[in-house]
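K.L.:
give me a model of this one.
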Amino acid sequence: MYQRALDANSGYDEIYFNRATMYMQLGKNPRRSGINQKTLAINPLSREAYNALGGIYLKNIPKYGDDAAALYRRALDVFPGGQRSVE
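P.N.:
Presented below is the predicted three-dimensional model:
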């Protein structure tokens, strides 16, 4: 169903995020499909996507440590000073 929704509207970031969440719940690695990266490309203000992707990276720091550092640097650029909401 998510693929059908993406086929109809591939610019909707929450579909990618929801699909990534489903992949994680099924024990699959959503990083391999680029799902959360697509979410952030469409909506760089998606805190949920930063958290989800960071969680994936931090499960295997030796392999994804550099990716995690880059992700968190990007998050700091988007949310300078640790602001809690975007208005």
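
K.L.:
which pLDDT value goes with the nearest residue to residue 42 once chain neighbours are set aside?
P.N.:
Excluding its sequence neighbours, the residue lying closest to residue 42 (Cβ to Cβ, 6 or more residues apart in numbering) is residue 13, at 4.0 Å. C-beta coordinates here come from the backbone N, C-alpha and C atoms, glycine included. Confidence at residue 13, expressed as pLDDT, is 72.

K.L.:
ok, the one 5 residues further on next?
P.N.:
Here, the pLDDT recorded for residue 18 equals 73.

K.L.:
can you list the low-confidence ranges for the protein?
P.N.:
Across the chain, the ranges flagged by pLDDT under 70 are 1-3, 5-12, 29-36, 82-87.

K.L.:
now with 80?
P.N.:
By pLDDT under 80, the weakly predicted segments of the chain are 1-39, 81-87.

K.L.:
related to what we said a few turns ago, surely the residue nearest to residue 42 meets residue 47?
P.N.:
No: with contact defined as Cβ atoms under 8 Å, residue 13 does not reach residue 47; the gap is 11.8 Å.

K.L.:
which of the three states applies to residue 44?
P.N.:
coil (DSSP: H, G, I helix; E, B strand; the rest coil).

K.L.:
which ones are touching it?
P.N.:
Residue 44 makes contact with 74, 78, according to Cβ atoms under 8 Å, 6 or more residues apart in numbering.

K.L.:
cool, and the one 4 residues further on?
P.N.:
Residues near residue 48 by Cβ under 8 Å, 6+ apart: residue 17.

K.L.:
tell me which helix or strand it sits in.
P.N.:
helix 47-58 (DSSP states H and E).

K.L.:
list the buried residues in that helix.
P.N.:
48, 49, 50, 52, 53, 54, 56, 57 (16 or more other Cβ atoms under 10 Å).

K.L.:
out of these, who's nearest residue 72?
P.N.:
residue 54 (6.8 Å; Cβ to Cβ).

K.L.:
what distance do you get for residue 70 to residue 54?
P.N.:
As defined by Cβ to Cβ, to the nearest Å, residue 70 lies at a distance of 11 Å from residue 54.
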